[in-house]
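A.B. asks: Compute the structure for the input listed below.
(one chain, ligands or ions: 2)
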Amino acid sequence: MPDIANKSDGLVTLGQAPLVVETPESLLDDDTTPTEKFYIRNNGLIPEPIRDPENWTLTIDGEVRNPLVLTPGELKARFATVTLRMVMECGGNGRSFFEPPVPGVRWTNGGVGCAEWTGVRVADVLRAAGVKPSAVFSGHLGADPHLSGATDRQAMSRGVPIAKLMEEHNLIVWGMNGQPLETIHGFPLRLVIGGWPASVSTKWLKRIWIRDRVHDGPGMGGLSYRVPIRPMEPGGPVDESNFRDLESMPVRSIVTSPASGTRLPSGTREVTLRGASWAGDYAVKDVSVSIDYGATWQTTQLDAPKNRYDWQRWTARIAIPSDGYYEVWSRATDTRGISQPYIAGLWNPEGYGGNPIHRIKLRVG
Ligand SMILES: Nc1nc2c(c(=O)[nH]1)N[C@H]1C(S)=C(S)[C@@H](COP(=O)(O)O)O[C@H]1N2
Ligand SMILES: [Mo]
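C.D. replies: Ligands and ions are numbered 1, 2, ... in the order given. Prediction:
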């Protein structure tokens, strides 16, 4: 079993089998999330480390004119190499904020990271395979064994509509932050699909199956990664016909410095705040902060993304009127004008897309 000893102190293990590790907001203070601070989400067992990556093959088949079977070396030789900084965010990020509580991994805001990913464009590979007009959806298959150990069952296999798959930013990657992918993050190959729940960004990628219908692998259909179409009563009866796939992740911001619980010396009258914000398929237009429970807000200085699907860092210098106890709240608004709600809204039984305003505690004196 690969270990995760190279992860930094302070990460929080939310589950052992499957292994799930979250990054507290205050460890997301780097512009690019270092690999040792990057969260981990597995749904199955962790594959044995691959020692001979050139024997690894990725198959592109289904509704294509020329099915392809490619080694990592052939991918590198045939297609242009691209590096992009993109957010990876679990569809369940924020789940612990739902009321009434929902089952599943209790993410706070730390089921997210933003890394430099190096690989080839999915679209370039698919153009070489020749997608047929009958193509509707993709199915992504990874090599991780099912939790039960059964070798004939996928741990998870999700996909996206062909139009989403063909977006130029989606990558088949072998590199993360300038190094080969680590086993835990999908070595030797993984998908990175921008803006959508990371469950479509398959690790240990073996096959992209182009399908003539909506993919039906484990993690598709039912209530998996699905949210209500018409809002439902929290905890109320579930009508499965009222659900659609969660596509773009919702807008979110976090305060990454200071850490929640920080005590500043008596007499401190100004503090610098730093944070991150992102909005799935969209960009962030504004991040505002409040130190009086949302009674008043002030805008922050917001950086541009390096490329689409990157996160946007923000900073603010705020005046502290007196010693005392404060909560610092951050709220982002996307380019459509949609802001983070005060509480996790759009309650759904599996707890996807919870994105309330982030709140940290600060003491002065
Ligand atoms: N093969 C495979 N790929 C997978 C998963 C998985 O269980 N198996 N989990 C997905 C989910 S739900 C998330 S949130 C991300 C987590 O990626 P990370 O562990 O590199 O942070 O991987 C996705 N890709
Ligand atoms: Mo996830």
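A.B. asks: make it CA atoms for all contacts and neighbour counts henceforth
C.D. replies: Will do.
A.B. asks: and the residue in the stretch 51-200 of the chain that ligand 2 sits nearest to, how many neighbours?
C.D. replies: Across the stretch 51-200 of the chain, the shortest distance to ligand 2 (CA to the ion) belongs to C90, at 3.6 Å. A total of 27 residues lie near C90 under the criterion other CA atoms under 10 Å.
A.B. asks: Assumed S199 was part of a strand.
C.D. replies: No: going by DSSP: H, G, I helix; E, B strand; the rest coil, the assignment for S199 is helix, not a strand.
A.B. asks: Now do the contacts for it.
C.D. replies: Residues in contact with S199 (CA atoms under 8 Å, 6 or more residues apart in numbering) are C90, G91, R158.
A.B. asks: Pipe those into TSV and attach secondary structure and pLDDT per row.
C.D. replies: Shown next, in TSV, are these (DSSP: H, G, I helix; E, B strand; the rest coil; pLDDT from 0 to 100):
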residue	secondary structure	pLDDT
C90	coil	98
G91	coil	98
R158	coil	98
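A.B. asks: Going along the chain, name the strands of the stretch 51-200 of the chain.
C.D. replies: Listed in chain order, the strands of the stretch 51-200 of the chain (DSSP state E, counting those that start in this stretch) span 58-62, 68-70, 81-89, 112-121, 137-142, 171-176, 179-180, 190-192.
A.B. asks: The second one pairs with which strands, parallel or anti?
C.D. replies: Yep, that's strand 68-70 we're talking about. strand 58-62 (antiparallel) (DSSP bridges).
A.B. asks: And for the chain, the residue most distant from the center?
C.D. replies: G267 (39.4 Å; CA atoms, centre = their mean).
A.B. asks: Show the contacting residues for the residue nearest to that one when sequence neighbours are not counted.
C.D. replies: Of all residues beyond its chain neighbours, the one nearest G267 is D323 (6.4 Å), with distances taken as CA to CA, 6 or more residues apart in numbering. The neighbourhood of D323, defined by CA under 8 Å, 6+ apart, consists of S266, G267, T268, R363, V364, G365.
A.B. asks: and the stretch 101-250 of the chain, which residues reach ligand 1?
C.D. replies: G142, D144, M156, H185, A198, S199, S201, T202, K203, W204 (CA under 6 Å from any ligand atom).
A.B. asks: circling back: I'd guessed the residue of the stretch 51-200 of the chain closest to ligand 2 sits against A198; true?
C.D. replies: Yes: the pair C90 / A198 is scored as a contact, 5.0 Å apart, by CA atoms under 8 Å.
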